[in-house]
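Asks: Sharing a model prediction with you, sequence too.
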Amino acid sequence: MEKYPNKMTVCDVSVHYGDKRALGGVSLDIPENQIIALIGASGCGKSTFLRCLNRMNDEISGCRVAGEILLDEQNIYAQNVDPVLMRARVGMVFQKPNPFPKSIFDNIAFGPRIHEITQSEAELKDIVHSALERVGMIDEVKNRLGDSAIGLSSGQQQRICIARAVAIAPEGVLMDEPCSALDPIATAKIEGLIEALAADYTIVIVTHSMQQAARISQRSAFFHLGELIEVDGTSKIFTSPNDPRTENYITGRFG
Amino acid sequence: MRPRSLLRYYGQNAVIWTFIPAFFFLIVCAFLSSILLEQYFLGLIAEAYPDADTANRDLLFAQMENVALGVLSTEDGVLQSLATDYAEFGNTIQRARGWLVILLSLSLAGFAYLKAMPQFRARESVEKVLGGLFLSSATIAILITVAIVASLLLEALRFFDVYPLWDFLTGLHWSPNIAVHADQVGFSGSFGMIPVLGGTLLITLIAMAVSVPVGLLSAIYMSEFAHPKLRNFFKPTLEILAGIPTVVYGFFAALTAAPFFRSIGLSLGLDVSSESALAAGAVMGVMIIPFISSLSDDVIRAVPRSLRDAALGLGATRSEMVIKVLLPAAFPGLVGAFLLAISRAIGETMIVVMAVGTAANLTFNPLESVTTVTVQIVGLLTGDTVFDSPKTLSAFALGIMLFVMTLGLNVAALTLSRRIAEKYE
């Protein structure tokens, strides 16, 4: 297997909600410009882990994160790191499409505007157009950029959300079950899109669909009861996993 | 044959038939018999005292009732014998009524017993009765509202018989005192509502200028910034403010706020009235703060968590998230909350009665004294009043105006909050 440099390195991360341990001692490498899938049963901590990667857990009161997560060799939980700027480098796409109740244009321009990526309206337009091109939606919506994003289908809404995330040119994109609320056709479109995005972005995706993990990811990490059981090349995980628990999960014997 | 309903429904059906019709019968009987009794004895009184007029007969009837109850004694032999008859009649009717009710109850119980056959759909029957009960409760509330509006409207129409509606709506002069004697001067009786309405609007405006910023910002703080523990302290504390009786706000406005604003004004070289609109409006604003903050808090928290995540995930700070995402998304609901608060301020009475004057100055200077619709209504209807003079009737016309304004605002508020709910479905 090809060796990629690591974009993010996770060292011994554990997460507590109040007194309850949600995740313990996870160490994991996230290679650059690859897709890594996090799989496991509901409640196993994979979404919690995902939210650690751009410090979204900071927003949950009572949540404590211990350990180190390096983004390009810089610990994102260090004192001097501003989580707000950090989140601009690692974007996030959520389970349920969550466009703002604003126009399509304003949705995608939201990030560039708050980070003042550009001052000129013309450049902003270019950014929005290229983000829409990136998600293959430019022809669908270029004549109605002023319409509300709420009126789109949920598949389109999710692609708007992806476009919104890539519009601020992040280095990584975290996706929390981005297809679980979508029908199979929309899912197929989003999967194709994720694979194409991997050329430029490091992608971490949480998924409940084993087929989806197998189809699009290069690496897979299996979580079970708040622990990382094993992480390896996806084909290895799906054909000859090391741990019997992984095999049980993949073959559907529990969960 | 198997019963068509569960056994307990047959029992419930029997209970309903036994008690509910008898209960309503009792109420109707009590109502009717007292009316009949009164009419009958008023007739007897008219015969016994041929020279008494209507008011006197009513008085005699009341005396007779009291004699019959034993709280009054009389030397008048005629009245005494009438009272004895009245007491006896009353007793007989009461006894008859009691027996009738028991009879009705028992016969309906028997009817229900006979009806309790396996093929009788007892469950449907019970459901229907319960449905009717809920419906009638809802109807009572609506009917009472209609009755209130109707009585207001009837009196107001009597006012507009003697005073033209157009003059009332557009007149710039309000002085409701009317000459009782022909030689009194300065009691012209002029009913132009504009100065009164202007005073209400001015005070409402001041109240909103105080309560909207404070209420909205504290709601944002509580829902987005405060630690849950702090929120659990702030929210109930703000609600204490809502529990203070308005009369307490009233004397706070009259005795503390008004002199305070006056002395500040004097030190700045401004002439502030001791009944200034500013003092009443500011205190009213304080009263509305918890109302606005609690409604806005609900509206803001109704914005889905996912939108907050979306903004924060894009690297927005909390305040960017609040200003660029939460407030626009919550805007219709917030406007609805403000409109409700405005309608409350317009209808608020106690504070302004205590802290505001009665002279209807047409001014938009908050340092001067103005009067409000509610103050005028209180002034017109308290003390010695004659119920057919335009002065008294004008209170009902003002009442209708108040009602129309608050109704309009409430409808607007409801429509807006429904709009925000639809947006996220």
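Replies: Great, that's in hand.

Asks: Wait, a strand at A:Asp29?
Replies: Yes - membership of A:Asp29 in a strand is supported by DSSP: H, G, I helix; E, B strand; the rest coil.

Asks: Now for the closest residue to it other than its chain neighbours, how many residues are close by?
Replies: Residue nearest to A:Asp29 in three dimensions, not counting chain neighbours: A:Asn6, with 4.6 Å by CB to CB, 6 or more residues apart in numbering or on different chains. Just so you know, the C-beta spots here come from the backbone N, C-alpha and C atoms, and that holds for glycine as well. One way to gauge burial is a neighbour count; for A:Asn6, by other CB atoms under 10 Å in any protein chain shown, it gives 17.

Asks: Which strand residues bridge A:Asn6?
Replies: Using DSSP bridges, the beta-bridge partners of A:Asn6 come out as A:Pro31.

Asks: so it touches A:Pro31, yeah?
Replies: Yes - with the criterion set as CB atoms under 8 Å, A:Asn6 and A:Pro31 qualify as a contacting pair; they are 5.5 Å apart.

Asks: Let me see the confidence value for residue 34.
Replies: Reading this off chain A. According to the predicted model, the pLDDT of A:Gln34 comes to 92.

Asks: Switch to chain B, please.
Replies: The pLDDT attached to B:Ser34 in the predicted structure is 88.

Asks: okay, now the residue in the stretch 1-150 of chain B positioned nearest to chain A: neighbour count?
Replies: The shortest separation between the stretch 1-150 of chain B and chain A is 34.6 Å, found at B:Ala138 (distances taken as CB to the nearest CB). One way to gauge burial is a neighbour count; for B:Ala138, by other CB under 10 Å, it gives 10.

Asks: Which strands or helices does the lowest-mean-pLDDT helix or strand in chain B pack on?
Replies: When the helices and strands of chain B are compared on mean pLDDT, DSSP states H and E, strand B:188-191 comes out lowest with a mean of 76. With contacts defined as 3 or more CB pairs under 8 Å, 6 or more residues apart in numbering or on different chains; DSSP states H and E, strand B:188-191 has these neighbours: strand B:174-178, helix B:390-423.

Asks: And the pLDDT for the residue nearest to A:Asp29?
Replies: On pLDDT, A:Asn6 comes in at 85.

Asks: now B:Gln184
Replies: The confidence metric pLDDT takes the value 54 at B:Gln184.

Asks: which sections of the chain are below the confidence cut-off?
Replies: All of this refers to chain A. A:1-4, A:254-255 (pLDDT under 70).

Asks: should've been chain B
Replies: Scanning chain B for pLDDT under 70 picks out B:178-188, B:385, B:387-388, B:420-425.

Asks: Next, count neighbours for residue 144.
Replies: Here I'm looking at chain A. A:Arg144 has 13 neighbouring residues, counting by other CB under 10 Å.

Asks: That was the other one, I meant chain B.
Replies: Counted with other CB under 10 Å, the neighbours of B:Ile144 add up to 10.

Asks: What residues sit buried inside stretch B:262-276?
Replies: Taking 16 or more other CB atoms under 10 Å in any protein chain shown as the neighbour-count basis, stretch B:262-276 is seen to contain the buried residues B:262, B:265, B:272-273, B:275-276.

Asks: Not counting sequence-adjacent ones, nearest residue to residue 171?
Replies: Reading this off chain A. A:Arg89 (5.2 Å).

Asks: My question was about chain B, not that one.
Replies: Leaving aside its sequence neighbours, B:Gly171 sits nearest to B:Gly192 (CB to CB, 6+ apart; 1.8 Å).

Asks: and A:Glu227, what does it touch?
Replies: Residues touching A:Glu227, when contacts are defined by CB atoms under 8 Å, 6 or more residues apart in numbering or on different chains, comprise A:23-26, A:45.

Asks: Weed out the non-buried ones from those.
Replies: Using 16+ other CB under 10 Å as the burial test, those include A:23-24, A:26, A:45 as buried.

Asks: among those, which are within reach of chain B?
Replies: Filtering the buried ones among the contacts of A:Glu227 for proximity to chain B by CB under 8 Å from any CB of the partner chain leaves nothing.

Asks: Spell out which parts of the stretch 51-200 of chain A neighbour chain B.
Replies: Residues of the stretch 51-200 of chain A lying close to chain B by CB under 8 Å from any CB are A:54, A:56, A:59, A:61, A:84-88, A:91-92, A:94, A:96, A:98-102, A:110-111, A:114-115, A:150, A:161, A:164-165, A:168.

Asks: Now list the buried members of those residues.
Replies: Judged by 16+ other CB under 10 Å, buried ones among those: A:54, A:56, A:59, A:84, A:86-88, A:91-92, A:94, A:96, A:98-102, A:110-111, A:114-115, A:150, A:161, A:164-165, A:168.

Asks: so which strand or helix has residue 157?
Replies: Using chain A here. Mapping A:Gln157 onto the secondary structure by DSSP states H and E places it in helix A:154-166.

Asks: please go with chain B instead
Replies: Residue-wise, B:Leu157 maps onto helix B:122-162 under DSSP H and E.

Asks: quick one: that helix to helix B:390-423, angle?
Replies: Note on geometry: by axes from the mean of the first three to the mean of the last three CA atoms, to 10 degrees, helix B:122-162 and helix B:390-423 are set 140 degrees apart in direction.

Asks: which one of the helices and strands packed on strand B:188-191 lies closest to B:Ala112?
Replies: For the helices and strands packed on strand B:188-191, distance to B:Ala112 was read as CB to CB. The smallest value, 43.7 Å, belongs to helix B:390-423.

Asks: so what does that closest one touch, helix or strand wise?
Replies: Using 3+ CB pairs under 8 Å, 6+ apart: helix B:390-423 touches helix B:122-162, strand B:174-178, strand B:188-191, helix B:277-302, helix B:327-347, helix B:373-381.

Asks: so which of those is the most packed in?
Replies: For the helices and strands packed on helix B:390-423, the stretch with the most neighbours on average is helix B:277-302, a mean of 24; neighbours defined as mean count of other CB atoms under 10 Å in any protein chain shown.

Asks: can you pull out the helices in the stretch 51-200 of chain A?
Replies: Under the criterion DSSP state H, counting those that start in this stretch, the stretch 51-200 of chain A carries helices at the ranges A:83-89, A:104-114, A:121-134, A:138-141, A:154-166, A:184-197.

Asks: Present these as CSV; the columns should include distance to B:Ser394.
Replies: Compiled in CSV, the helices of the stretch 51-200 of chain A are given as follows (distance: least, CB to CB, whole Å):
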stretch, distance to B:Ser394
helix A:83-89, 61
helix A:104-114, 53
helix A:121-134, 59
helix A:138-141, 61
helix A:154-166, 58
helix A:184-197, 66
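
Asks: For chain B, list the residues in contact with chain A, please.
Replies: B:227-228, B:304, B:306-317, B:320, B:324-325, B:328-329, B:423-424.

Asks: If any of the residues you listed are buried, give me the PyMOL selection for them.
Replies: Written as a PyMOL command, the selection of buried residues from those, which uses 16+ other CB under 10 Å, is:
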select buried, chain B and resi 306+307+308+309+310+311+312+313+314+315+316+317+320+324+325+329
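
Asks: Where do the domain boundaries of chain B fall?
Replies: Each structural domain of chain B that the record assigns through automatic domain parsing is listed here as a residue range: B:7-120, B:175-423.
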